[in-house]
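A.B. asks: Model the following, please.
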Amino acid sequence: MHNDRAITEARLQRVLEERIRPAVYPESVPLTVSVWHAPGEPVPVAEGLAARRTPIEVGAEWGPPWGTSWFTVAGRVPREWAGRTVEALLDLGFDENMPGFQCEGLVYRPDGSPVKGLNPRNQWVRIVERAAGGEEVLLHIEASSNPVILDYRPFRPTELGDRETADAAPRYRLARMDLAVLDRTVWELVQDLEVLGELMAELSVDAPRRWEILRAVERALDAVDLQDVGGTAARARERLADVLSAPAHASAHRISAVGHAHIDSAWLWPLRETVRKVARTTANMTALLEDEPGFVYAMSQAQQFAWIKEHRPEVYARVKKAVADGRFVPVGGMWVESDTNMPGSEALARQFVHGKRFFLEEFGIETEEVWLPDSFGYSAALPQLVKLSGSKWFLTQKISWSRTNKFPHHTFWWEGLDGTRVFAHFPPIDTYNSRLSGREVAHAVRNFREKGGATRSLAPTGWGDGGGGTTREMLARARRLADLEGSARVVFEKPSAFFEKAHAEYGHAPVWVGELYLELHRATLTSQARTKRGNRRSEHLLHEAELWAATAAVRAGLPYPYEALDRLWKTVLLHQFHDILPGTSIAWVHREAAATYAAVAAELEEIIGGALAALAGAGADGGTVVFNAAPHARGGTQAHGAAVAGADGPAPAQAGPREGGGFVLDNGLLRVEIDGRGLVVSVYDRRADRETVAPGAAANLLQLHQDFPNMWDAWDVDHFYRNAVTDLTDVETLEPTGEGAVRVVRAFGSSRVEQWLSLPAGVGRLDVETRVDWHETEKFLKAAFPLDLHADRAAAETQFGHLYRATHTNTSWEAAKFEACAHRFVHLEEPGWGVAVVNDSTYGYDVTRTVREANTGTTTTVRLSLLRAPRFPDPRTDQGTHRFRYALVPGASVGDAVREGYRINLPERSVAGSTGVEPLVSVTGDAVVVSAVKLADDGSGDVVVRLYESLGGRARVRLAAGFDVAAVSVCDLLERAVGSAELSDGGVPLAFRPFEIVTLRLRRA
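C.D. replies: The predicted structure follows:
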């Protein structure tokens, strides 16, 4: 037989696109269109429906960036269409390659009830299944003219990312607005040919099955009269029936498709637009559930459910019904799909608390799977938090984006920081926006790394990022792929059904220990420094507000601000979404985030101030009470307690002259030399009789790099950025201050930096306060501390503990971690002596090592990442003034690093008063840290205390309560009792495993 494969395949493509697909809608009539362009921000649905319309024609321009237009379409079904299926085709000016990234719409009936969403891959609205003829048609469309930010030439700077900077030019041109007859047989033929054509393309050219499909397609095309596609489509489908009914092989891979629309809570659109994206998508999905009995749709992020509950109750009613029916499935158990690298300990725990509680209260559902398909790496603390929240499974696909190493597993046990394991799955289809195309399905099969041990994987199916969800075409593919020779078997089912089956067949899956580091998007640890500072400050203010409000409630009877704290926590949790906190959203999002963090701080300061005033007592005698919110005692004040201030303590070390220029600071513990360039050239630890700074090097050295990654500007920093560096050594001002600090001022480029270096009395710590007026472009600013220290690993704080990363690059896995995340500290040590670098607002860091000339020792350099200046998606990222506080702590153990990290983030507060305050709870020793003290969320008045082992060892401690306790229970994160604890003489003896988290609920007597 002659080989005509290429000819037939080309024939299929042309006939399908140019003849058969256009025949899906063989007849149409135009609709009459009118419009009202809403001024400013979106209006309530009732207002949009009632607004006065003006006529508009197809082809007319509409929609300035971020505008809203309310279209009304009207018409009548022709009588000659009686008995036929009629749909409205509503094309707002779509580009089918950009679902979720451009204009969108939500269709309403005249009574205000939602119909479905419109997007580039979903432009139809069913009018009538079987027309009688003459039916009147009247629909309203709330259309948003969201501009395209990520265009065909991506990562170009644009002013469209903020309504304040975008122009007012229309972005779209109204396209087809018709009533049309849907030819179901032709539509089904299109699905048949698409599935077979895509499957055929993935089979080997030597496979008999490929040729069977080719010949069947050829016969089907022969059966189509190109001038009468509708009249011959049934005959063509008959010729495909045999190849479509051939069953899959017994060993065929099994794919559990899950309807899905990964909707970024903010990204290339502001938060307010996400509310509407969620409404459009859920309206679409609930409509599709009604049409497709075998369809199952999963949606994560409790915040998004809460949004439509508040803003689009008419859509939410449909969602609640679909959830009750068991086919609209809440998943994830978190408030948002957050970043998991940077949120603090309590914040990551509260993601689960508020997410799971919402689903329990709204739907009575205990979510069991953690669903994070798109976050930029996953903290080693997560497995324990997953378990403590009452969940047991974990899903992501983002690690498939890693650029250096291919992750070795798709289904595995993930072991966290403390040894807790959860069953995890990475969909080998390598996308959370699957169409179930032949290429995607075949890739899932080829890519699956558990062959021979497991037989199934999951495929999140639907348009995502900007929403849209699953389409009827995707469901048609799934029906054909349910049992088809040459393909994996595909079935729609709940995520829980997949996990139960996967665990049952592969309980002996391999184990991955530690963080899931994404070898990409490392710059998200630094971009948008204001957002990161706002997050860190908000987390610690929430810690203080809960602690002091609970203490004031128990000690002084002050009402506990349940509602305010609940609301403020949810606001902070929202802004930990994986495109907000990482700094990868448009300017609008980060502008609003700055204002939100300021408002959060003001309200929390008010709560804290009220509680402290109630606790401190009258201050008529001019007394002062010092409050310590940190979990470690300091300056005579107990952890989580307060003491009346005594005489002023010793002053910080005063600056004296240095031989050769510069200044010396000496507090008896450390002797610090600052040379004439304003650089720290010596930090001598008198206690250990050793130097901290590497010979010939300088610490607190600001270094500037060119920073222009190959793509994903706000997300990425590529390794080659290190190839060129400028040390900022020129100094404008070098002078002592009256407060015992040395002030250093430098100018570079278009920017200016001002620093104050000081040694507090009685503490072995060099404090550095930095203010930067930053006006660079595509630059990366770091603060370097070259240490005379030999260490092959560095400890970096993460949630509820720390993890170690190598300081060398022996393997590609280690080399890929050239930028990593640390919370409040990075710690390095030789046996018996270590150094910590602590900070109050940064996350990115790197550690490198070199051996000095003549083999005189190792220099290990720690660098904090301070600022970047990418131009996409925000063209003015981080321009303006910033403040950072960090400190160098020579001679520090890991415990010292933990303590100093808390200290710099939770400074003492002094208020007028006369009464000291005993802490509500105290713990013996320093190994176990109290991370939260609060009243129980249920309003019972019980005191909830969360503790964790912080050093990575075992610990036995005693928790003492400063109030009468009737009973103690061990709880999960949601404060539900899971066990009991012994109560002895008003205290609770506890034993901890390394990095174990324990939550106690103390019922007051």
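
A.B. asks: Out of the helices and strands in the protein, which is least certain?
C.D. replies: Least confident helix or strand, the chain: strand 641-644 with a mean of 92, by mean pLDDT, DSSP states H and E.

A.B. asks: Now do the contacts for the one residue sitting closest to the centre of the chain.
C.D. replies: Nearest residue to the geometric centre of the chain (CA atoms, centre = their mean): residue 578, 2.0 Å. By CB atoms under 8 Å, 6 or more residues apart in numbering, residue 578 lies in contact with 264, 336, 337, 338, 339, 372, 374, 375, 376. Yep, even glycine has a C-beta here, placed from its N, CA and C like the rest.

A.B. asks: let's see it at 7 Å
C.D. replies: 337, 338, 339, 374, 375, 376 (CB atoms under 7 Å, 6 or more residues apart in numbering).

A.B. asks: of those, closest to residue 485?
C.D. replies: The closest of those to residue 485 turns out to be residue 374 (CB to CB; 34.1 Å).

A.B. asks: what residues are up against that closest one?
C.D. replies: Residue 374 sits in contact with 262, 337, 398, 432, 578, where contact means CB under 7 Å, 6+ apart.

A.B. asks: Now name the helix or strand holding residue 782.
C.D. replies: Assessed by DSSP states H and E, residue 782 sits inside strand 779-788.

A.B. asks: Show me what that strand is in contact with.
C.D. replies: For strand 779-788, contacts defined as CB under 7 Å, 6+ apart pick out 691-695, 697, 699-707, 717, 721, 828, 835, 837, 857, 859-869, 886, 888.

A.B. asks: ditto for stretch 90-97
C.D. replies: Outside of stretch 90-97, the residues within contact range by CB under 7 Å, 6+ apart are 73, 102-103, 105, 118, 120-121, 123, 125, 141, 143, 172-177.

A.B. asks: Now, of these, which are buried?
C.D. replies: Neighbour counting with 16 or more other CB atoms under 10 Å marks 73, 102-103, 105, 118, 120-121, 123, 125, 141, 143, 172, 174, 176-177 as buried within those.

A.B. asks: In strands only, show me the residues you listed.
C.D. replies: Those of those mapping onto strands are 73, 105, 118, 125, 141, 143, 172, 177, per DSSP state E.

A.B. asks: quick one: the first one and residue 938, what's the gap?
C.D. replies: Taking CB to CB, to the nearest Å as the measure, residue 73 falls 50 Å from residue 938.

A.B. asks: Repeat that for residue 768.
C.D. replies: To residue 938, residue 768 is 44 Å away according to CB to CB.

A.B. asks: Which of the two has more residues huddled nearby?
C.D. replies: Applying other CB atoms under 10 Å to residue 768 and residue 938 shows that residue 768 carries more neighbours, namely 23 against 13.

A.B. asks: Double-check that the more buried one belongs to a helix.
C.D. replies: No: secondary structure assignment (DSSP: H, G, I helix; E, B strand; the rest coil) places residue 768 in strand, not in a helix.

A.B. asks: Give the closest residue to residue 871 in space, chain neighbours not counted.
C.D. replies: residue 157 (4.1 Å; CB to CB, 6 or more residues apart in numbering).

A.B. asks: model confidence over the longest helix seen in the chain, on average?
C.D. replies: Counting by DSSP state H, the longest helix found in the chain is helix 587-616. When pLDDT is averaged over helix 587-616, the result is 98.

A.B. asks: those strands in the stretch 751-900 of the chain, which residues are they?
C.D. replies: 751-758, 766-774, 779-788, 793-798, 801-806, 820-821, 825-830, 833-839, 844-851, 858-868, 880-890 (DSSP state E, counting those that start in this stretch).

A.B. asks: quick one: which of these is nearest residue 583?
C.D. replies: Ranking those by their distance to residue 583 (criterion: CB to CB) puts strand 858-868 first, at 8.2 Å.

A.B. asks: just the angle between the closest one and strand 844-851, please?
C.D. replies: On the basis of axes from the mean of the first three to the mean of the last three CA atoms, to 10 degrees, strand 858-868 is oriented at 150 degrees to strand 844-851.

A.B. asks: for strand 858-868, packing partners?
C.D. replies: Under the contact definition 3 or more CB pairs under 7 Å, 6 or more residues apart in numbering; DSSP states H and E, strand 858-868 sits against strand 779-788, strand 825-830, strand 833-839, strand 844-851, strand 880-890.
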